[in-house]
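>>> Need coordinates for the below:
(3 chains)
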Amino acid sequence: MKLDGEQFLNADPQTVWTALFDRDVLAGAIPGCESLDQLSATEFAAVVKLKIGPVSARFKGDVELSDIVPGQSCTLSGKGSGGIAGFAKGAAQVTLTPEAGGTRLCYDADVAVGGKLASLGNRLIGATAQKLTDAFFANLSDALTPPEEARSA
Amino acid sequence: MKHLLSTTVNGEQVQEAVSPRTSLADFLREDMGLTGTHLGCEMGACGACLVLMDGAPVHACLVLAVQAEGCTVETIEGLTETGAAADLQARFHDRNALQCGYCTNGMLMSAQALLAANPDPSRDEIRDALSGNYCRCTGYEAIVDAIAATASDRAGRSETKTEAAQ
Amino acid sequence: MTLHIGQSARRENARRHLAGRGRFVSDLTLPRMLHAVFVRSPMARGRILEIDTSEASACPGVVRIFTAPELNVRCTPWVGTLGHFAGMQSPPMNILAEEEVLWTGHPVAMILARSRAEAEDAAELVMLDIEDAEPVTDGAAALRPGAPLANPAARDNLCYEAVLETADVDAAFVGAAHVVETSMTFGRHTAVTLEPRAVIADFDASSGALTVHHGTQTPYQFQDVYARHFGLSEGKVRVIAPDVGGSFGMKLHVYNEEMGAVAASLILGRPVRYVADRLESFLSDIHARDHIVKGRMALDADGTILAMEVDDLTQVGAVSAYPRTSAAEGNQVIRLMGAPYRMPDYRGRLSVAFQNKVQTSQYRAVGHPIACAVTEALVERAAEATELDPFEIRARNLIADDAYPHVSATGYQFEKLSHQACLAKLHEMMDPEALRAEHASLRKQGIHRGFGIASFVEITNPGAAFYGVGGARISAQDGAVVRMMPSGDIHCAISVTEQGQGTETIIAQVVADQLGVTPERVSVTTGDTATTPSGGATWACRGAGIGGETALRAGRRLRDRILTLAGALVQADPASLRLENGAVVDGSGAARITLEEIGRIATYRPDTLPDGIDHSLTVAHHFAPTGYPFDFTNGIQGSLVEVDVETGLVRILKHWIVEDCGRIINPLLVDEQIRGGVVQGLGPAFFEECQYDADGQLTNGSLADYLVPMACEMPDIEIAHIETPTGDTILGAKGVGEAGTAAAGAAAMNAVNDALRPFGARLTQTPMTPLRILDALDAAREERTDP
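You can find the predicted model right below:
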C-alpha cells in the first residue's frame, strides 16, 4: 500500500535532519513506541504497541535509516513482527526541502502487512496506516517546535 | 478478577462468578451447559448465537456476560421448556427447515422476534428478517415456508405454501 | 414392498436440534481437557529463523507449547498423491512447519492451555522470526521455466498434468462451420460450514486406546489414518462423529490441526480439544475451485456439436490434500466437459499448479460447476453463432433418452439418463416465450432481465474406481448390522453418516420396508467406528445409493432369518410367509405371529425352539457397487435474474431445476438437498471469494468480509423430477446432494449474460460481483466506441 504526504516543520533542514537520527526524538514520535534502542548510528530496535481494528499487538522490530544524503534525503525503513497478530513492514523515502521559516518534509512510503492484520483488518489498514504516519510526523513537528511556541500556538 | 453476576436464565435465578471478558455465549455454553446456543463467527454476523435478552434477540457472542446483570436471558432450551415456540418448532420439523441443525437456534430466535413484531409478514419480510442468520445447508426456502406457516397458524388461518407465497 | 420408500418421512433427529439438544463436538467437554491454539505463519512463504515461546510458556493456564521437533516425530508424514494419477507429485506434510512456511496460516507452534482464552493469550506472546521470501501466488507464472518454487521440497510447481483426447479432435475443428471460444476464471471459495472444524483427541495411556471425537463425514477413514500415522493398532482407535454442523466435502480431508490434537493427546495422555475459530477456518479449511479455463467448441452448420477442446489450469496450494489429493477436482473437470451432449470428439488438458495459498481440494460437486459453466457458456455462444434458441440447440445436441447405454467422448459410461425429458419439463416450467416477451417490454422501461439454462451430469455412487484403485485407503463399500430387538423393534447400525441430509431417516425407511414395520420402529446408529461396521460414509453422493442398498440387502437377510424362524414356530413354509404391519403374514394376508412374539421366544425362550434352528436375529451385510463404475444422474437448471446496469447489482428472481436421481426414497429430503445445493452454487457465482493480495495474504478472513448467500438474496427454487432408477441395484437410487451445486452457477452466468446481451457485455469470471459486471459493461462500451 502506497502512502504519501508532506509536512511543514518549523525548523531548518539541519535541525530536522538531526532530529531524524535522534533516538529520543524518534522514540517520542513513533506512535505506541514502548522502547527504542539505538544499535548504531543508523539502526534501532523498537517495541511498538498498536491496535488496528480488532487486532492489538506488540510489535518487535528494527528501524533503519539508509540511502542517506545528509541534510536532504534518506530512506526510513522498518519491519516488525507482532507474533500471532501478523507483521508489518514498510519503507518511506523522506526528502527535506528548505522553505521560508522552516522545512518542507515530503514522504513517499510503501507499507505491507500480513497475518491476522491482513485477514481481519484489511479494510482498516489503509486508514490506520495513514493515521499512524500522520501521527508520526505531527509528533516530529511537535518535538521540533520550541516549547514556548507550542504553548502560545 | 471475577465479577459476581446475578441474572435470570430460562427462568432460573443464577449467581455465578465470571471474568469480565467472558462473553454471554461462553457463559451460557460453558458455565450453564446451555450448548444449544452456538458459535459460528464470534462477530455478530452469522446469528447462530442469538438468545433473547429481556425479550429482544441479541448476539450472545457480542454481549459480555456481565452485561446480563439483572436481565432475563432465554435460550433455545428455555424456549423449548416453556413451549412458547412449540408451534414454530413443529413447523420447522414438518417442513424440514433445518439440516445440520447448527443455525437452527438462531433461526428460531429471529423468527420468534419477527412474529412478535409482525404477525403477518410477507415472504420478502421474512427473508429480510433472516438477513443476519446464515444457513449453509437449506438454501433458506424451507425456513421461510416454516415461518410463513407458523404466522398463518397463529392468525388462525390454514394456508398452504402456495397461498402464503402469493 | 415399498410402503415407506418414496414417502416424505420427517427426520426424527431434527427434533433434537429444534430443542437445542444437538450433540456437536464443539459442545463436548471431557475431564482434564486441554484447549489447543495454533500459532500460524503470518507470511505466505518464508524460512523460520526462530520461534521464541519463553514468554508464552510463562502465561497462566499454559500447560505445554509444542514446536515441530517435539510434535512431528509422533506422526509419520502424509503424501497427497494417488497411484492412478501418473506422474503426480506432492511433498510430504507434517503437523507443524519445520523450516519452511508455505502459506499464510501454516501452523508453526501449538499451545495447550486449560482454556481457549488462556491459550490465545499465550499465542500472542510467541515471537516468530521468519525470513520472508517471495511467494508464488500466480499459477500460470508458477509453471514457467525457472519460476521460484512454491514448495522447496517439490521438483517444480507442476503437481500433476493430464491430457485426454480422441483421435479426430483436430479434424473436427478444421471441418467445423462454427468455432466458438471462451476463457473463464473461477474464483477460490470455501465451505464455510457454520460449525467450524472440531476435534477432541483423547488418548488413555493406561489402556493404549485413542478415542477421537471428530466433526467429520468419514470416521472410518480417520480411524485408519490415525492408526497408521501414529503407529497404533486399528482396534485401539475409535472415531466418533456425532452431530456435525455441515461438511460438504470439507470435513473429510486430513488437516494439520486434527493431527496435532491427536499427537498432543498421545504425548500428554489427556484430552486435547481443537475447535477452529472463523479466521482459522478461512486459513486452514480446504478452499475450492481456483481454475482458469480456456475452451472452444466446434459445430456444424446446423448447430450440432462436433468437438470441444479445453485447457484447465487449477491452482491448489503448496501441497496436495491427503488422502484424496488436490488433483481429483481438475481430473473431474476435464472428464465432465460436454458430458450431457452427443459430442464425438474432445481434447482436455489439465495442469495442476502449486502456489503459496491454502490448499484446495474436494468440496461439494467436485469439478462439476467448472465443467458445466464452461460447457454451457460455449453452448450459449454456439446458440448465438447459429442463431438457435437456447432450448433448441440443447434439444439438438443432448444425448437422446433412447440412446443408452452411451459412452462419452471423455470415456464416461452412462447407463440411462433423461436429458430430453428434463429439457422438456424445464421448458414447461419456465415458459421461456412468455419470459422473452416480458423481458422485451421491461427493457423499454430500463429493466434488464435475463434467463439462462444449463444441463448437467452428476457423478454419484462411485465404486473403487475413484480412489481405491489409486491406492488410497478409502472405502467404496458400506456395511450395515440390522437386528431385531426382543420387542420386535429394529435397530440398524450403518457406516454411512448423517450431516443433516437425512441419512438416518432414509435408512429407517428402507429397512422398515424390508421388515414390514413403520420407520418409527427402526432406530439407526451412525458415526461411531466402535458401534457401526466399516465403510465409506458420506462423500460423492453415495449415502442413498450405496448406503440405502446396503441397508436394503441387510434388511432382506434379516427378513429371511425371521421368516425361517417364524416358519418353524407356526409350522409353515417360510416361502409362503411375508412380513407386514409388524407381523408375519401368510399368503392369505392373515397374521400368523407378531415380530414381538418372535423376539420374545428367540430371546427369552430359545429352549422352546426346534433343535438346531438359528435364532440369532442380527445380521450383517456389506455392499460395494458393481456394474457401472459410477451411477450418473442428470438434470437441467434455469435461472432468472435482473441486472441493474448502473450499479452492477443482480437480483436473483427465480431458479428452476429438473433433476433425475433415480428412485427417490424421500421426496422432502431430496428437494431440500437440491435447494441447499443450488444455493451453494449461487453463492460462489455471485458472492463468495477468498481474496488474496500479491503477497499471498488472505484479505477477507471473516464473515464480515467474505460474503455468503443470505436469505434475502436467494430466490425461491422450483423443483421437478424425472425418475430413472439405476439397474445396478435393487433399490435403484442414485445420489442427489451435489446436483444443485453442479449447474446453478452455470445457469446464473448464462442468465446474467442474457440480461447484458443488448449491451454487448459478457461475464466470464466468478464471482460475478457488481464491480466485474460494471467492468464488463465498460469494456463493451469501449469496444463499441473504439472498434
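
>>> Show the average pLDDT along the helix or strand harbouring A:Arg58.
Using DSSP states H and E, A:Arg58 sits within strand A:55-69. Averaging pLDDT along strand A:55-69 gives 85.

>>> ok, residues contacting that strand?
Residues from elsewhere that reach strand A:55-69 (C-beta atoms under 8 Å, 6 or more residues apart in numbering or on different chains): A:20-21, A:26, A:30, A:34, A:36, A:42-51, A:73-89, A:93, A:116-117, A:120-121, C:124, C:127. C-beta coordinates here come from the backbone N, C-alpha and C atoms, glycine included.

>>> Next up, the contacts around A:Ala92.
Contacts of A:Ala92 (C-beta under 8 Å, 6+ apart): A:3, A:75-77, A:107-110, A:133.

>>> that older thread, please pick the buried ones from the contacts of strand A:55-69.
When neighbours are counted using 16 or more other C-beta atoms under 10 Å in any protein chain shown, those contain these buried positions: A:20-21, A:26, A:30, A:36, A:44, A:46, A:48, A:50, A:74, A:76-89, A:93, A:116-117, A:120-121, C:124, C:127.

>>> residues in contact with the residue in chain B that chain A sits nearest to?
Nearest residue of chain B to chain A (C-beta to the nearest C-beta) works out as B:Met43 at 7.9 Å. For B:Met43, the contact set (C-beta under 8 Å, 6+ apart) comprises A:54, B:61-62, C:278, C:702-704.

>>> same deal with C:Gly246?
With C-beta under 8 Å, 6+ apart, C:Gly246 has these contacts: B:99-100, B:102, B:136-137, C:191, C:193-195, C:499-500.

>>> Help me confirm that C:Thr647 comes into contact with C:Pro770.
Yes: counting by C-beta atoms under 8 Å, C:Thr647 does reach C:Pro770; the two are 6.0 Å apart.

>>> The two: which has the busier surroundings?
Taking other C-beta atoms under 10 Å in any protein chain shown, C:Thr647 and C:Pro770 do not tie; C:Pro770 has more neighbours (14 against 10).

>>> quick one: that one and C:Glu646 touch, right?
No: applying C-beta under 8 Å, one finds C:Pro770 not in contact with C:Glu646, separated by 10.0 Å.

>>> What strands line up against the strand holding A:Arg58, and which way round?
strand A:43-52 (antiparallel), strand A:73-81 (antiparallel) (DSSP bridges).

>>> what sits up against the last one?
Contacts of strand A:73-81 from elsewhere in the structure, counted by C-beta under 8 Å, 6+ apart, are A:20, A:46, A:48, A:59-68, A:87-96, C:42, C:127-130.

>>> what's the distance between the strand holding A:Arg58 and the middle of its chain?
In terms of C-alpha atoms, centre = their mean, to the nearest Å, the centre of strand A:55-69 is set 8 Å apart from its chain centre.

>>> try stretch A:103-111
With C-alpha atoms, centre = their mean, you get 10 Å for stretch A:103-111.

>>> what helices or strands is the helix or strand harbouring C:Thr633 leaning on?
Secondary structure from DSSP H and E places C:Thr633 in strand C:631-643. Using 3 or more C-beta pairs under 8 Å, 6 or more residues apart in numbering or on different chains; DSSP states H and E as the contact test, the elements touching strand C:631-643 are helix C:419-430, strand C:448-460, strand C:650-660, helix C:739-756.

>>> any idea how far that strand is from the chain center?
Strand C:631-643 has its C-alpha centroid displaced from the chain centroid by 18 Å (C-alpha atoms, centre = their mean).

>>> Over that strand, what's the mean pLDDT, rounded is fine.
98.

>>> and that strand, which strands flank it?
In the sheet, strand C:631-643 lines up with strand C:448-460 (antiparallel), strand C:650-660 (antiparallel) (DSSP bridges).

>>> possible to save those as JSON lines with mean neighbour count and mean pLDDT?
JSON lines is the format used below for those (neighbours: other C-beta atoms under 10 Å in any protein chain shown; pLDDT from 0 to 100):
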{"stretch": "strand C:448-460", "mean neighbour count": "26", "mean pLDDT": "98"}
{"stretch": "strand C:650-660", "mean neighbour count": "23", "mean pLDDT": "98"}
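
>>> Quick one: closest of the ones you listed to C:Arg559.
Nearest of the strands paired with strand C:631-643 to C:Arg559, taken as C-beta to C-beta: strand C:448-460 at 26.9 Å.

>>> report the angle between the axes of that closest one and helix C:419-430?
Put simply, strand C:448-460 runs at 150 degrees to helix C:419-430, going by axes from the mean of the first three to the mean of the last three C-alpha atoms, to 10 degrees.

>>> ok, the residue in chain B that chain C sits nearest to to C:Phe354 distance?
Using C-beta to the nearest C-beta, B:Gly36 is the residue of chain B that sits closest to chain C, at 2.3 Å. Distance of B:Gly36 to C:Phe354, given as C-beta to C-beta, to the nearest Å: 43 Å.

>>> who has more neighbours, these two?
C:Phe354 (29 against 26).

>>> How is chain B partitioned into domains?
B:3-80, B:85-165 (automatic domain parsing).

>>> could the ones you listed be laid out in CSV, adding mean pLDDT?
Shown next, in CSV, are the domains of chain B (pLDDT from 0 to 100):
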stretch, mean pLDDT
domain B:3-80, 97
domain B:85-165, 92
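
>>> TSV please, covering these and showing distance to C:Pro135.
Shown next, in TSV, are those (distance: least, C-beta to C-beta, whole Å):
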stretch	distance to C:Pro135
domain B:3-80	27
domain B:85-165	30
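
>>> any idea which residue sits dead centre in chain A?
The centroid of chain A falls nearest to A:Phe136 when counting by C-alpha atoms, centre = their mean (4.8 Å).

>>> Looks to me like the residue of chain B closest to chain A is in a strand.
No: per DSSP: H, G, I helix; E, B strand; the rest coil, B:Met43 lies outside any strand segment and is coil.

>>> how much space between it and C:Glu257?
21 Å.

>>> repeat for C:Leu112
Taken as C-beta to C-beta, the span from C:Leu112 to C:Glu257 is 13 Å.

>>> Equivalent analysis for C:Leu515, please.
For C:Leu515, the distance to C:Glu257 - C-beta to C-beta - is 43 Å.

>>> what about these two, which has more around it?
C:Leu515 (23 against 20).

>>> dump the residue contacts of that one.
C:482, C:484, C:490, C:522, C:555, C:558-559, C:562, C:579, C:595.

>>> List the ones among those that fall in strands.
The strands, defined by DSSP state E, take in C:482, C:484, C:490, C:522, C:579 from the contacts of C:Leu515.

>>> ok, now which ones touch the third one?
It stands for C:Ile490. Per C-beta under 8 Å, 6+ apart, neighbours of C:Ile490: C:482-484, C:511-512, C:515, C:517, C:521-523, C:558.

>>> so it bridges to which residues?
Bridge pairing for C:Ile490 - DSSP bridges - gives C:Met484, C:Val522.

>>> picking up where we left off before, going through the contacts of B:Met43, which ones are buried?
For the contacts of B:Met43, buried by 16+ other C-beta under 10 Å: B:61, C:278, C:702-703.

>>> Same list, those, but only the ones touching chain A.
C:Ser702 (C-beta under 8 Å from any C-beta of the partner chain).

>>> Out of the buried ones among the contacts of B:Met43, give me the two with the largest separation.
Maximum pairwise distance among the buried ones among the contacts of B:Met43 (C-beta to C-beta): 12.6 Å, between B:Cys61 and C:Ser702.

>>> which neighbours do the two share?
Listed as contacting both B:Cys61 and C:Ser702 by C-beta under 8 Å, 6+ apart are B:41, B:43.

>>> my guess is C:Leu565 contacts C:Ile598, does it?
Yes: under the criterion of C-beta under 8 Å, C:Leu565 makes contact with C:Ile598 at 6.0 Å.

>>> shared neighbours of the two, which are they?
With C-beta under 8 Å, 6+ apart as the test, C:Leu565 and C:Ile598 both reach C:Leu617.
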